[in-house]
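Model the following, please.
(chains A, B and C)
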Amino acid sequence: MPTFDEFAPIGALLILSVVMVALITIISRLFGPYRPSLRKTAPYESGMKPIGPAVRRFPVRFYLIAVLFILFDIEVVFMLPWAVVFRQLGLFALIEMVIFIAILLVGYFYAWRKGALEWE
Amino acid sequence: MQLPSLSELNLGLTVPALSLALWACILLVIDLFIPRDRKSVTAWLAAGGVVFAFIANLLVYRDPGVAFMGLFVADEFAGFLNIVVLLTAFIAILMSVDYLKRTGIERGEYYVLLLMTTSGIMFMNSANDLAVVFIALELLSIPLYVLAAFRAPEERSEEAGLKYFILGAFASAFFVFGAALIYGATGSSSLPVIVDAVGRALAGEGSSLLLLLMGSGLILAGLGFKVAVVPFHMWTPDVYEGAPTPVTAFMSVGAKVGGFAALLRILLVALPALTVAEGDAVAGWQTATWVVAALTLILGNIVAISQTNIKRLLAYSSIAHAGYVLMAVAAAGTPGVSDQATRAALIYLMAYMFTNLGAFAVAMAIEKDDGSGTSLDDFKGLGRSRPLLAAIMAVFMLSLTGIPLTAGFVGKWVVFQATIEAGLYTLAVIGVLTSVISAFYYVRVIVNMFLEDGEGDPAAAATPYVQWAIYLTFAGTLVLGIIPSLVTNLSGPVALAVASLVP
Amino acid sequence: MVQTEMYVMLAVVLFVLGTLGVLLRRNAILVFMSVELMLNAANLALVAFARQWGNVDGHLFVFFVITVAAAEVAIGLALIVAIFRSKKSINIDELHQLKG
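Residues are numbered from 1 along each chain as shown, chains lettered A, B, ... in the order given. As a prediction, this is how the structure comes out:
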């Protein structure tokens, strides 16, 4: 289909990478010696010995920090378009952005006072 | 680039809703400095914000217009519903002060969240653009999810919060996708622009008709979840039972007002001309709302009969009442009747607000500190131990049934009138019959109070503020029932305003 | 240029997948991820339509959907963590304290 012309290089790269991986895996299987041992079949060969299961619980503190990060990070969605056309918009939009950030700061101040930013 | 000047934004019209949202932000900070044992100060500050918004609303109500370049309308329709919502918020605060204290969940955030959700409903009443409706919907819902779980770590409350959250988020997704499809068919998210585009789209090829029908169906489903109509009602009894009682009272009225405001405005302003077949006289969504209203009335009223918990009973009763409002919405689909039907829906919502809040306030007074004592058996003997409270509860129950001289009767009267006027005779008959059925379970509460012997004294912690809430709603119920012209005249211009929006 | 219809088809497929996920999954986090999938399907449709109509209404809508979704994530995860702390499970079938 002509509409997909622009994606042709990406498609070629995709096909090439799949073929390459398959080729290398098959060749090494066919011609290389295969002598498995406990160490070799471990998840990270030639790394350090695993000291615990990979799936384990994280302290809930990480979750709090992550949520705060999401909340304050997402506001960039509004700031980026504003910044791109900042010169055309001028003072009016600057004041609007200041109000917007002031409201964000209320939330930040609240989280701070409630101790959400303390690690312990 | 042409930028609007400050005066073009008409910020004055947004003062009622904006001031409340702003006050919520300020109160969040003030509350940090209020000591833990004096949180009732936060409650009074919140109530002050509500009163300010109420007065500001009365001033704006007189002089309607649009703000934010047409995104926000301050017309009589919004003004009337704002009055309903602000009264709800005020009564909910009155109910909360002592309840939070005696159940040990007194935190300042409660009132901040309550103010935020109230401002969300007010934005919903005024929203004139699908994007604004969406933001207002979320501003309404997100604080309510937290409020429903406010009794955490109590499992029932947490469960209510999570259930409400999952189904609410699900419903919001439906709404957004519906809005996306309508935007796709018409090329705009502004309601007054959509109405022109609908006409053009209908004249064009078939695919945009499909998009419009799918889109309005999804929007109907999304808002249907919020106002709890069958088949989107499953969450209601569980959430109403698990949430703290003042929150239940608030959301049984507030969320419905917001949902119906958006529903009416979208259907009447943006989609009145959406017809399925060429040359249909009535709007294409009339059949859908008709069927949903009938199902809601039948299921809500019949399942309510078998309930043994007052909060679950009032939950099913609130589903049924959403059905009566939806009758008016369906009637609004007939072109000549849309004024009258809109007026009926508004009057019904106000009557329902007073009565339902009152019923919840009495139920809350009976409730024990650990959240038990909400069984219908707990009402036994109340007529002897607290005759006044029981008598007032009896009036609320009669008003919910729709007995003359109460607000509920006026509400039902105008709704049935509009339905008949619109020619939906079957629906009107279903409405009357289900009202009769509803008498079974409402009257059972009265029988329990006066004719059955209980184990003596129910907790009846009707502290002064709760009593004020009960008296206020009682007065509203009676005044509206005895002098209906007060409100029927008040909402005359409301319907006219809606009519001026409908081309 | 890819036609708008194809984007909308994809959006519909994603939306249906999300809906099925909400209805069939039992883990609260996965249910919640399915809701996000539905919202993003709507975003895709909005952007595709915005390109078709050549105006910015759709883009504007998408910005708000993204931010509101983030707020929903924060509240939703908080509720799920709270439930997990008291029940040690986030299976939504095990939420049965409230039954009538």
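
Can you read off the backbone torsions of residue B:151?
Backbone torsions of residue B:151, given as degrees, to the nearest 10, read phi -90, psi 10.

and the closest residue to it other than its chain neighbours, how many neighbours?
Of all residues not flanking residue B:151 in the chain, residue B:157 sits nearest, at 3.4 Å (Cβ to Cβ, 6 or more residues apart in numbering or on different chains). From N, CA and C alone the C-beta is placed, and that goes for glycine too. Residue B:157 sits with 26 neighbouring residues when counted by other Cβ atoms under 10 Å in any protein chain shown.

and if you look at the one 4 residues further on?
Burial of residue B:161, expressed as a neighbour count using other Cβ under 10 Å, amounts to 29.

and residue A:119, that one's in a strand?
No - with the criterion set as DSSP: H, G, I helix; E, B strand; the rest coil, the secondary structure at residue A:119 is coil rather than a strand.

Chain neighbours aside, what residue packs nearest to it?
Here the nearest residue to residue A:119 in space, its sequence neighbours aside, is residue A:61; by Cβ to Cβ, 6+ apart that works out to 6.6 Å.

Quick check: the one you found touching residue A:116?
No - here residue A:61 lies out of contact with residue A:116, judged by Cβ atoms under 8 Å, at a distance of 10.0 Å.

From what I see, the residue nearest to residue B:151 and residue B:145 are in contact.
No - at 11.6 Å, residue B:157 does not count as touching residue B:145 under the criterion of Cβ under 8 Å.

State the helix or strand in which residue 71 lies.
Defaulting to chain A. In this assignment (DSSP states H and E), residue A:71 forms part of helix A:60-73.

Correction: the question concerned chain C.
Taking DSSP H and E as the criterion, the element that holds residue C:71 is helix C:57-87.

now check that helix, is it near chain B?
Yes - contact between helix C:57-87 and chain B, assessed by Cβ under 8 Å from any Cβ of the partner chain, occurs at C:57-58, C:60-61, C:64-65, C:68, C:71-72, C:75-76, C:79-80, C:82-83, C:85-87.

Can I get the buried part of those as one PyMOL selection?
A single PyMOL command selects the buried members of those (16 or more other Cβ atoms under 10 Å in any protein chain shown):
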select buried, chain C and resi 57+58+60+61+64+65+68+72+75+76+79+80+82+83+87
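
Can you tell me the closest non-neighbouring residue to residue B:350?
residue B:84 (5.2 Å).

wait, is that neighbour part of a helix?
Yes - judged by three-state DSSP, residue B:84 forms part of a helix.

where's it relative to residue B:419, distance?
Residue B:84 sits at a distance of 21 Å from residue B:419 (criterion: Cβ to Cβ, to the nearest Å).

In contact with the residue of chain C found nearest chain A, which residues are there?
The shortest separation between chain C and chain A is 4.0 Å, found at residue C:70 (distances taken as Cβ to the nearest Cβ). Taking Cβ atoms under 8 Å, 6 or more residues apart in numbering or on different chains as the definition of contact, the neighbours of residue C:70 are A:70, A:71, A:74.

now residue A:67
With contacts defined as Cβ under 8 Å, 6+ apart, residue A:67 is in contact with C:73, C:74, C:77, C:78.

now the residues you listed in CSV, with distance to residue C:18?
Formatted as CSV, those follow (distance: Cβ to Cβ, whole Å):
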residue, distance to residue C:18
C:73, 15
C:74, 20
C:77, 18
C:78, 22
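
Can you list the buried residues in stretch B:47-64?
Residues of stretch B:47-64 classed as buried: B:47, B:49, B:50, B:52, B:53, B:54, B:56, B:57, B:60, B:61, B:64 (neighbour count, 16+ other Cβ under 10 Å).

which of the residues you listed lies closest to chain C?
Distances from chain C to the buried residues of stretch B:47-64, taken as Cβ to the nearest Cβ, are shortest for residue B:49 (21.9 Å).

Verify the contact between the closest one and residue B:115 for me.
Yes - in this structure, residue B:49 sits in contact with residue B:115. The criterion is Cβ under 8 Å, and the distance is 6.0 Å.

Now do the shared contacts for those two.
Any residue near both residue B:49 and residue B:115 by Cβ under 8 Å, 6+ apart counts here, and that gives B:20, B:23, B:24, B:27.

hang on, the second one in a helix?
Same thing as residue B:23. Yes - under three-state DSSP, residue B:23 falls within a helix.

Surely it touches residue B:115?
Yes - using Cβ under 8 Å as the test, residue B:23 is close enough to residue B:115 to be in contact (6.4 Å).

Would you mind telling me which of these two has the busier surroundings?
Each of residue B:23 and residue B:115 had its neighbours counted (other Cβ under 10 Å), and the higher figure belongs to residue B:115 (27 against 22).

Quick check: closest non-adjacent residue to the residue in chain A that chain C sits nearest to.
Distances between chain A and chain C by Cβ to the nearest Cβ are smallest at residue A:74, namely 4.0 Å. The spatial neighbour of residue A:74 that comes closest, neighbours along the chain excluded (Cβ to Cβ, 6+ apart), is residue C:70 at 4.0 Å.
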